[in-house]
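1. Could you look at this predicted model? Sequence included:
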Amino acid sequence: MDFFHKHSKPKVEDKPGLKVKICGIRRTQSAEIAVASGADYLGFNFVNSSRHFISPVHAKEIINAVRHKTSVVGVFQNMPVHEVNELIGYLKLHAVQLHGQEDQTYVQKIKAPVIKAFSLPQEFEVERAIEHMQSFNVHHVLLDRIEQGEGDMVNLQKAAQITNAMPAFLAGGLHPGNVAETIMHTNPFGVDVAAGIETNGVEDVNKIREFVRNAKGVLQK
């Protein structure tokens, strides 16, 4: 069973296969189109310095429009634990995604399943990386590049070794045109996209549809 649904209410019908997470949601239409297209999770960014930031009040309005239809993830970075837990309750988040220097002690205090993001350079020792990630004892990890929104994608050959060892989302540099091939090379638990479904910095509903279709279509080939 998928951890989002095992640990949270209300439950959303779980679907087998690769998961798609559309992140950086800031418009109700984007959320509705993503859900209608088959996205498994929606991500809402509560990092003040991010251009994808959304206020909790605005996020709640959007979440209420798709409540019970998908799983909702809050994205945080070095926010005090009590504030994260408050937003988990306020928004009824299914999970949180951590992008900062949060350590194992911090993770244990979070009152929801955790996706821990790890920023990886092009060259890294796979075994050491896996050992480090497993030490956090989180539900899933997310593999990202060093500079979010910039640079080359994560080393796919090395990423594939990680996704083979543990359930991992792949992020960073994905878009409708490369997501299918990337999935075939890495076989991740899921894929995560934000900037890759935007046009001029705004969510593009056509790109959302295409991204989900191309990602899910890999399984049908």
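-> Yep, it's here.

2. Could you give the separation of stretch 129-137 from the chain centroid?
-> Averaged C-alpha coordinates place stretch 129-137 at 18 Å from its chain's average position (Cα atoms, centre = their mean, to the nearest Å).

3. Would you mark the buried spots in stretch 131-140?
-> Going by neighbour count (16 or more other Cβ atoms under 10 Å), the buried part of stretch 131-140 is Met133, Phe136, Val138, His139, His140. Yep, even glycine has a C-beta here, placed from its N, CA and C like the rest.

4. how far does that stretch stretch from start to finish?
-> Terminal residues of stretch 131-140 are spaced 14 Å apart (Cα to Cα, to the nearest Å).

5. just stretch 105-115 next, same as before
-> Using Cα to Cα, one end of stretch 105-115 lies 15 Å from the other.

6. where does Tyr106 land in three-state SS?
-> At Tyr106, secondary structure determined by DSSP: H, G, I helix; E, B strand; the rest coil is helix.

7. residue contacts, it?
-> Contacts of Tyr106 were listed using Cβ atoms under 8 Å, 6 or more residues apart in numbering, and they are Val81, Leu98.

8. what does the strand or helix carrying Ala215 contact?
-> In the assignment (DSSP states H and E), Ala215 maps to helix 205-217. Residues from elsewhere that reach helix 205-217 (Cβ under 8 Å, 6+ apart): 17-18, 20, 22, 29-30, 33-34, 37-39, 174-177, 179-180, 183, 191, 193, 196-199.

9. run the last query once more with 6 Å
-> If you take Cβ atoms under 6 Å, 6 or more residues apart in numbering as the criterion, helix 205-217 is touched by Val20, Ile33, Ala34, Ser37, Gly38, Ala39, Pro176, Val179, Ala180, Val191, Val193, Ile197.

10. just stretch 134-142 next, same as before
-> Stretch 134-142 has contacts (Cβ under 6 Å, 6+ apart) with 3, 104, 107, 113-118, 133, 167-169, 171.

11. Format these as JSON lines; extra columns: secondary structure and distance to Gln97.
-> Shown next, in JSON lines, are the contacts of stretch 134-142 (DSSP: H, G, I helix; E, B strand; the rest coil; distance: Cβ to Cβ, whole Å):
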{"residue": "Phe3", "secondary structure": "helix", "distance to Gln97": "13"}
{"residue": "Gln104", "secondary structure": "helix", "distance to Gln97": "16"}
{"residue": "Val107", "secondary structure": "helix", "distance to Gln97": "12"}
{"residue": "Pro113", "secondary structure": "coil", "distance to Gln97": "10"}
{"residue": "Val114", "secondary structure": "strand", "distance to Gln97": "8"}
{"residue": "Ile115", "secondary structure": "strand", "distance to Gln97": "4"}
{"residue": "Lys116", "secondary structure": "strand", "distance to Gln97": "8"}
{"residue": "Ala117", "secondary structure": "strand", "distance to Gln97": "6"}
{"residue": "Phe118", "secondary structure": "strand", "distance to Gln97": "11"}
{"residue": "Met133", "secondary structure": "helix", "distance to Gln97": "14"}
{"residue": "Pro167", "secondary structure": "coil", "distance to Gln97": "14"}
{"residue": "Ala168", "secondary structure": "strand", "distance to Gln97": "13"}
{"residue": "Phe169", "secondary structure": "strand", "distance to Gln97": "9"}
{"residue": "Ala171", "secondary structure": "coil", "distance to Gln97": "10"}
